[in-house]
Each structure stands twice: as C-alpha cells, then as structure tokens.
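Asks: Just the structure for this:
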Amino acid sequence: MGLTTWDMGNHSNARGDIRAENVTETGIDLVIRICSDTRIVRVSVSWLAIGCVADPDQ
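Replies: Below is the predicted model:
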C-alpha cells in the first residue's frame, strides 16, 4: 500500500503513519494515524492484494 494523495496544511510539520491491520483473505483495515498538530485535508491510499504462489519460497 502507499499514499497517492496527502493534502495538508502548511503551518506545521506533516507527521503520520499508515499501516495495514486486521488482514484476512476477505478484507483489510488501512489505518492512518497523524500527530495532533498535523492538519490533513485529504488522504488517498492505493493498495494491491497478491494471492497465493505455487512455491512458498517465491
């Protein structure tokens, strides 16, 4: 996963964290946490799910 849009205010440092939580075969929670003084207007995230591979060493 990765950020595709990060629209923020310019009066403070932009600090945040993005991670995947509760990953299952049918869903995922993408969680974005920001520091208290960071002002976010809009965030967009892209992600890619990859299925099983024939060889576990791949």
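Asks: Just want the most central residue of this structure.
Replies: Ile18 (3.9 Å; C-alpha atoms, centre = their mean).
Asks: C-alpha coordinates for the host helix or strand of that residue, CSV please?
Replies: Using DSSP states H and E, Ile18 sits in strand 16-21. Coordinates of each C-alpha in strand 16-21 appear next as CSV, following Å, rounded to 0.1, in the frame of the first residue of the first chain:
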residue,chain,number,x,y,z
GLY,A,16,1.9,10.4,10.2
ASP,A,17,1.8,6.7,9.9
ILE,A,18,0.0,4.3,7.5
ARG,A,19,-0.3,0.6,8.1
ALA,A,20,-2.4,-2.5,7.3
GLU,A,21,-4.3,-4.1,10.2
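Asks: and the nearest residue to the residue nearest to the centre of the chain once chain neighbours are set aside, which of the three is it?
Replies: Using C-beta to C-beta, 6 or more residues apart in numbering and skipping residues adjacent in sequence, the residue nearest Ile18 is Ile32, 5.1 Å away. (Each C-beta comes from the backbone N, C-alpha and C, glycine too.) Under DSSP: H, G, I helix; E, B strand; the rest coil, Ile32 falls in the strand class.
Asks: now Ile32: how far from Cys52?
Replies: Distance of Ile32 to Cys52, computed by C-beta to C-beta, to the nearest Å: 28 Å.
Asks: Next: Gly27.
Replies: Distance of Gly27 to Cys52, computed by C-beta to C-beta: 17 Å.
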